[in-house]
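> predicted model follows, preceded by the sequence.
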Amino acid sequence: MKVELVTYRKGQARSVIYEYVPREEGERPMVLDVLLQAQATKVPDLSFRYGCRNRTCGICTVDINGKPRIACRARARDGDKVSAVSTLPAVRDMVSRRDGIARQLRGKLPHTLRANDLNVEAPADYHALTACIECYACLDHCPMHARNLDSGGDKRNEDGAYRWGSPFSLLKLQRIRLDPVASGLDGEKAFAAATDLGLEICRDCPGCKCGVGIDLKNKVIKPLLEAASEPTAKD
């Protein structure tokens, strides 16, 4: 099985054709298996991330044939093309710069808990959103995040955060709104942050796709847009 690995060095992309050697008869390797073997044999300086067994699931996301996939969960096939995700700037090979997403909500949402009680049960939708592994596959074809990369740019604020949001950032904010131990003020701040990050852009979007199957459209985007349509006290 031959796989095309796209390396990225000093601003230049180059393809390396790697032939995977099965470890046993009938093996169906994951893309991460291919990357690990390539690094151990033909391409010793190949750069990529993975966090298996280290509680950092999601960072091994790469583009496979132009679509973001989680490398440790995606079966490799003959002729696959593996590259860094196109929705974030490449640092080296399959490693992308992720901090612009992570910084968006830093320091903006102080958590004033109403009660620190682990016996308070959260709604089912809250638990559904905790399945997020921060793979950032949801950035693919997201019109909100695309504004951060208009004209090939990399639009960041002074703190290094992207100006416009993404399904990931909206999920984090919606989870705060659903948290039973969060204060009402927290919920208001979360909604205000979602609005500031470009929530209105979502009205004309057909929907989001999550790398682990979270129903982003109905569990995140729809509730936030419905809240935005509700009349205020002044209306």
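Sure, I can see it.

> now the strands for the chain?
2-9, 12-19, 61-64, 67-70, 81-83, 90-92, 95-96 (DSSP state E).

> do you know which of those lies nearest residue 166?
With C-beta to C-beta as the criterion, residue 166 lies closest to strand 67-70 of the strands of the chain, at 12.3 Å. C-beta: built from backbone N, CA, C; applies to glycine.

> now do the buried residues in that closest one.
Neighbour counts over strand 67-70 (16 or more other C-beta atoms under 10 Å) mark 68, 69, 70 as buried.

> over to stretch 202-210?
Using 16+ other C-beta under 10 Å as the test for burial, stretch 202-210 gives 202, 208, 209, 210.

> of the buried residues of strand 67-70, just say which sits nearest to residue 22.
Ranked by distance to residue 22 (C-beta to C-beta), the buried residues of strand 67-70 are led by residue 69 at 20.7 Å.

> show me what contacts the closest one?
Residue 69 makes contact with 31, 61, 62, 63, 137, 211, according to C-beta atoms under 8 Å, 6 or more residues apart in numbering.

> dump the buried residues of strand 67-70 to JSON lines, plus distance to residue 103.
Below are these laid out as JSON lines (distance: C-beta to C-beta, whole Å):
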{"residue": "68", "distance to residue 103": "20"}
{"residue": "69", "distance to residue 103": "25"}
{"residue": "70", "distance to residue 103": "23"}
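
> and the buried residues of stretch 202-210 as TSV, adding distance to residue 94 and pLDDT?
Listed next are the buried residues of stretch 202-210 as TSV, based on distance: C-beta to C-beta, whole Å; pLDDT from 0 to 100:
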residue	distance to residue 94	pLDDT
202	29	95
208	23	90
209	20	91
210	21	94
